[in-house]
Structure formats: structure tokens, C-alpha cells
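1. this one's sequence-less:
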């Protein structure tokens, strides 16, 4: 087993790393490698393809898993998840315990019935994502949170909430970048935020799942998309209530356009600055901000990643 460790992830520590390695050494010949920079886990994953490993474990948050998935996509080498982030969306979606000690025990329990499975990946301009890609407000939130990792670790979901509210009022209420969303599952639509999901839920607020797109599974060969049509203060209370509700659907909100069974899509800015150039929108994959764009192309890659869960 190769364990790719993100030492900067929210809950990762030397003590936990040593504990996990010691526990797994009872059943595996373990090698642990720490990442040193952004996208390093992808490089390590690519090198692991020919390294004689039986399994690669991603020990970190969803961003670490995303990088490992980008390194191992399209191979038969299975990926195990050891959650060490603040949210761990994919682990929880797959039924893996959110505590890394419990997740390690869970992984060891699978050895007696070792059955790796295939899951889909999304792809945005060549960058794969495991659970979601977002353009607009949610990417603004991710960028703001990533700029303050200490507050992210200390305050958790409440810091995300503050970043979302402040970002909405500062950048979206008065002058949001509008984008045109086209896909193979419905008519084109314009809005100020577009989210493509490969699994459900989109994320978690503490222990509460936050659901946006519907009719999606991580292995059904499709994506689901949701587009927020406008930035209006009067829409927010009802939308937020639906996002956190177990009974009401966010996808059914009057300002949300929802698309199911999506295979390909494009998101293009239609807002211009004073010089006539297209204004860019922020983009995030699996909770990591990856830059600003004026156009992106999305597609699904069915069965692209082998996992153990």
C-alpha cells in the first residue's frame, strides 16, 4: 500500500499518520509519502501506476483525493480513502466513517472480501472531479475559505457560511458575472452560478447533508447540473432553507434550473467589462479553487476510477 498524505489537511497530524501506518502494517507492506505542494499528489499517483502497489490510499481531504484521482484515473489500481479534511464529502457519501481511525478499521475489514468497484469522474477542461465542480458563487466561497486555512480549521462550516453571505453581498448582489449554460439534457439557460454534480449530496453543513442537484449517483454514468438564475436578496432566505431542509428540494426552487442525465456541458461568461472583454468567473473542483475562466467544457467519464469503500 502507498499512502499519500497531505500534512496540511485539517485533521492530519504526525501522531495520526503514525497510528494509521502502524495499524495498516498488520496487513500491508506500507509506504507513506507526504505531499509538498499543490498537485503533488497527482504526480505521486501517476508514478504509483508502475510501482507494484496493490492499493493507493489518499490521506487528506477531498482536495487530496481529487489530486490522487487525477493521477490514477483510467487505471485498475484501486484508491482507498482515509479522511483527514474538514468535510470529507466523498468518504461520507460512500459510507466511509468520517473519523480516520474508524476509517482505517473499516478499510481493514474490507480485506476479507476485497471487491474494488468503479465510480465515475467528472471532467472540466481536463481536470477531473469526484463529486462536484462549480462556477460562480460557490467557487467564490471556496476561494475565500482557502485563503484562510486557520479559520477554516477552527470555525468549520460557519466560516463557509460567512464567506458565502459576504461574497454574495460584495460580488454578486450588484454586479454578478452572468454565464450561459448549455448541455445535452435541456434548453440553454443563463444564470450567475452553475454547479455540476457527480454524486449526492453536494456537501455537508456539519452533519447535515446539503443537496442541490438531484437524480445523481456516483456510478450512473451521468452528471446533474443546477443553475442559479439570478442574484436577488429576496431569493436567499427560501433557497438557504431548502438547501438545509430534509423535506424541501433546492432543485425545485423557482430560481434554480435543474438538469438531469447530463453527459456534456459548457459554461460561458456573457458579461463584459468596460473594454468589452468577457469577465471571468471563479471555478472550483471538489472544494478547491482552481482559477478564473471565461469558458469551460464539462463531461462525464463513466467508471474512470477504481475505489475501495
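-> Everything's here; your move. On a predicted model such as this, the values are computed, not experimentally measured, just so you know. Residues are numbered from 1 along each chain as shown.

2. which parts of stretch 95-108 are buried?
-> In terms of neighbour count (16 or more other CB atoms under 10 Å), stretch 95-108 has its buried residues at 96, 97, 100, 103, 104, 106, 107. From N, CA and C alone the C-beta is placed, and that goes for glycine too.

3. avg pLDDT for it?
-> Stretch 95-108 carries an average pLDDT of 96.

4. So which of the buried residues of stretch 95-108 belong to helices?
-> Restricting the buried residues of stretch 95-108 to those inside helices, with DSSP state H as the criterion, leaves 100, 103, 104, 106, 107.

5. got JSON lines for those, with distance to residue 300 too?
-> Formatted as JSON lines, these follow (distance: CB to CB, whole Å):
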{"residue": "100", "distance to residue 300": "30"}
{"residue": "103", "distance to residue 300": "27"}
{"residue": "104", "distance to residue 300": "31"}
{"residue": "106", "distance to residue 300": "28"}
{"residue": "107", "distance to residue 300": "27"}
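
6. What is the nearest of the residues you listed to residue 243?
-> Taking CB to CB as the measure, residue 243 lies nearest residue 103 of those, at 26.8 Å.

7. Contacts only, for that closest one.
-> With contacts defined as CB atoms under 8 Å, 6 or more residues apart in numbering, the neighbours of residue 103 are 81, 82, 83, 91, 96, 97.

8. mind checking how far the residue nearest to the last one when sequence neighbours are not counted is from residue 117?
-> Looking back up the chat, that one is residue 97. Spatial nearest neighbour of residue 97, chain neighbours left out: residue 103 (4.8 Å); criterion: CB to CB, 6 or more residues apart in numbering. Distance check for residue 103 against residue 117: by CB to CB, to the nearest Å, it reads 17 Å.

9. and of the ones in helices among the buried residues of stretch 95-108, the nearest to residue 229?
-> Nearest to residue 229 among those, counting by CB to CB, is residue 103 at 39.0 Å.

10. How much space separates the closest one from residue 90?
-> 12 Å.

11. Please enumerate the shared neighbours of those two.
-> Residues within reach of residue 103 and of residue 90 at once, by CB under 8 Å, 6+ apart, are residue 81.

12. Does residue 94 touch residue 83 like I think?
-> No - with contact taken as CB atoms under 8 Å, residue 94 and residue 83 are classed as non-touching, separated by 10.3 Å.

13. With neighbour numbers in mind, choose between those two.
-> The neighbour count for residue 94 versus residue 83, taken as other CB atoms under 10 Å, is higher for residue 83 (29 against 17).

14. If you drop the residues flanking it in sequence, what lies closest to that one?
-> In space, not counting the residues next to it along the chain, residue 83 is nearest to residue 91; the distance is 4.3 Å by CB to CB, 6+ apart.

15. Remind me which helix or strand that neighbour belongs to.
-> Secondary-structure element containing residue 91, defined by DSSP states H and E: helix 89-93.

16. hang on, isn't residue 111 packed against residue 1?
-> No - Residue 111 is beyond contact range of residue 1, at 10.8 Å (criterion: CB under 8 Å).

17. and those two? which has more neighbours close in?
-> When residue 111 is set against residue 1 and neighbours are counted by other CB under 10 Å, the residue ahead is residue 1, at 18 against 11.

18. How about that one, nearest residue that isn't a chain neighbour?
-> Spatial nearest neighbour of residue 1, chain neighbours left out: residue 28 (4.0 Å); criterion: CB to CB, 6+ apart.

19. now stretch 264-280: how far from the chain's centre is it?
-> For stretch 264-280, the gap between its own C-alpha mean and the chain's C-alpha mean amounts to 24 Å (CA atoms, centre = their mean, to the nearest Å).

20. thought residue 137 was touching residue 192?
-> Yes - counting by CB under 8 Å, residue 137 does reach residue 192; the two are 6.8 Å apart.

21. Please identify every residue contacting each of the two.
-> 172, 228, 231.

22. Can you tell me the SS state at the last one?
-> Looking back up the chat, that one is residue 231. Secondary structure, DSSP: H, G, I helix; E, B strand; the rest coil: residue 231 is coil.
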